[in-house]
Structures are given as C-alpha cells and as structure tokens.
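Undergrad: Based on what follows, work out the 3D shape:
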Amino acid sequence: MSGHSKFANIKHKKEKNDAAKGKIFTVIGRELAVAVKEGGADPANNSRLRDVIAKAKANNMPNDTIERGIKKAAGDAGSVNYENLTYEGYGPNGVAIIVDTLTDNKNRTAANVRSAFTKGGGNVGAQGSVSFMFDKKGQILIDKEECEMDPDELMMFALDAGAEDFAEEEDSFEVITAPEDFSAVREALEKEGIPMIQADVTMIPQNWVELTDEDAIKKMNRLLDLLEEDDDVQATYHNWDE
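TA: Numbers count the residues shown, from 1 in each chain. Below is the predicted model of the structure:
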C-alpha cells in the first residue's frame, strides 16, 4: 500500500455531503433502483443491493426511505432506466479524473461534465485516457476510534475473509479487496460488528499529483464542486494529493 491516508478526505467529503443530503440520497436512490432492476428486490438474493443498503445506512438514510426506494423500483416496471456512463479527463496540471454517472439523458450529462471540466481548467479525454493510472478495487475504511478489535486481529480477520491488503493509517484502517470479493469481505466485517466509515468499489490512483499553484487549486476545487453538484454524477475519482 502507498501509506497515503484518505481518511481526512473522506471526513471532508462527509461534511460536504451533510450540507447536501439531497444529493447523496439522490445518488443512492439511483443505485438502489439499478440494483433492484438487475438482481431483484430481495437483499438476501442480491449482493449488490445489500452493498447499496449498507452504503445508504452509512450515509444515515432512514430505513423507511430505503424501503420505499426498493419498493418503488420493484413495482414500477415503467420507471426510468438509468445508464452507466464513465468520463475520463484531466484537471489543472495534469490531474487525472474519472467521473462515473448514472443518467436518463446522455446529452445532458455529457454537456454538464464537459462544462465542469472546462470551468475547472481541464478537459475531457477519450475512454481509457486516464483509467490506466488507477486500480479498480474494493476499499473499506474503518475508524480507529470506533473499532474495538486489536489491529493484528482485524488484519487477520479481513485477510481470512478474502481481503487482498490491509493498511494501518494514522486515524483509520484500510482494507483492500478485489472487486469481485468486495461484497463478501464487507459482509464479514459487518457481521463482526466492525464499524465502517466507507465501503465501496472504487478507483485507487497508482500515483498522486500535488498542486502548489493557488490558481490551479482553486480551479480543481471548482471542477470537483461542479461535478459533486450534478445529480447525474455518482462518483468522482482523481489523483490530486489534497
């Protein structure tokens, strides 16, 4: 592992999300709809749905809101069909950026994403232009303060459950899995009562880029803020070392 702590960034993102709960609930609501359409409304038989439900609970989405979302997706055959689209590009000073979207209008989403890149001093590239700089992995972050298990025991438990790697950071533990093993490892940790700050299949940068120029930092923040405000954007990955 790189040893690069991502917990501070996660906390920062959570604070921003707290100020925009409508956005995160919209994101998760779409993920629930897609998971139900792909694998059915019974979490017991749908591992992707179980993962989305866990994500919803981690973001303090009320249980009745989760249940309503599942019932709506299961009962509404004519509901909106969302399409997964991924955009790749560069921000200021060559920062690599990947944007995952779920949309019912490709033209709107493409225009909004391009606009965000342009206003942030970047540009959208071709498919594959930056994704080779990232590894697709399951990533589970555990808050040290909340975890009662001994670090060595936690590491062995995670590895026995199927994790690829385990890292102890200053304020968190990080568990890395292959994408196909993510659900099994997350559920094993959940059953053990281990508190997870975040659990997602994500894109982890192989290298990090520092920005020292104030104008570049301002533009990068603007780019990320514009993407975060777009309801079609599910996740943004980048290799800016904040």
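Undergrad: going on from the helix ranked longest in the chain, what's the next piece of helix or strand?
TA: In the chain, ranked by residue count with DSSP state H as the criterion, the top helix is helix 21-39. The helix or strand immediately downstream of helix 21-39 is helix 47-58, counting by DSSP states H and E.
Undergrad: and whichever helix or strand comes after that following helix, what does it pack onto?
TA: Following helix 47-58 in sequence order, the next helix or strand is helix 63-75 (DSSP H and E). Here helix 63-75 touches helix 21-39, helix 47-58, going by 3 or more CB pairs under 8 Å, 6 or more residues apart in numbering; DSSP states H and E. In this view, the C-beta of every residue, glycine as well, is placed from N, C-alpha and C.
Undergrad: any chance of those helices in a markdown table, plus distance to Asp150, mean neighbour count and mean pLDDT?
TA: Formatted as a markdown table, the helices and strands packed on helix 63-75 follow (distance: least, CB to CB, whole Å; neighbours: other CB atoms under 10 Å; pLDDT from 0 to 100):
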| stretch | distance to Asp150 | mean neighbour count | mean pLDDT |
| --- | --- | --- | --- |
| helix 21-39 | 33 | 19 | 88 |
| helix 47-58 | 23 | 20 | 91 |
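Undergrad: Identify whichever of those helices lies nearest to Ser115.
TA: Closest approach to Ser115 among those is made by helix 21-39 (17.6 Å; CB to CB).
Undergrad: Go ahead and name everything in contact with that closest one.
TA: Helix 21-39 is contacted by residues 17, 45-49, 51-53, 55-56, 59-61, 65-66, 69-70, 72-74, 79-82, 84, 102, 228-229, 231, 233-234 when judged by CB atoms under 8 Å, 6 or more residues apart in numbering.
Undergrad: need the helices and strands packed on helix 63-75 in JSON lines with distance to Ile217, can you?
TA: Shown next, in JSON lines, are these (distance: least, CB to CB, whole Å):
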{"stretch": "helix 21-39", "distance to Ile217": "23"}
{"stretch": "helix 47-58", "distance to Ile217": "29"}
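Undergrad: nearest to Ile140, of the ones you listed?
TA: Ile140 sits nearest to helix 47-58 of all the helices and strands packed on helix 63-75, at 10.3 Å, using CB to CB.
Undergrad: Would you mind putting the CA coordinates of that closest one into PDB?
TA: Below are the C-alpha coordinates for helix 47-58, written out as PDB (Å, rounded to 0.1, in the frame of the first residue of the first chain):
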ATOM      1  CA  SER A  47     -25.400  -8.900  -3.100                       C
ATOM      2  CA  ARG A  48     -25.300  -5.600  -5.000                       C
ATOM      3  CA  LEU A  49     -28.500  -4.500  -3.300                       C
ATOM      4  CA  ARG A  50     -27.000  -5.400   0.100                       C
ATOM      5  CA  ASP A  51     -24.000  -3.300  -0.600                       C
ATOM      6  CA  VAL A  52     -26.100  -0.300  -1.600                       C
ATOM      7  CA  ILE A  53     -28.300  -0.700   1.500                       C
ATOM      8  CA  ALA A  54     -25.100  -0.700   3.600                       C
ATOM      9  CA  LYS A  55     -23.900   2.500   1.800                       C
ATOM     10  CA  ALA A  56     -27.300   4.100   2.400                       C
ATOM     11  CA  LYS A  57     -27.200   3.300   6.200                       C
ATOM     12  CA  ALA A  58     -23.600   4.600   6.400                       C
END
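Undergrad: how far out from the middle of the chain is that helix?
TA: 12 Å (CA atoms, centre = their mean, to the nearest Å).
Undergrad: Likewise for stretch 201-220?
TA: Counting by CA atoms, centre = their mean, stretch 201-220 is centred 17 Å from the centre of its parent chain.
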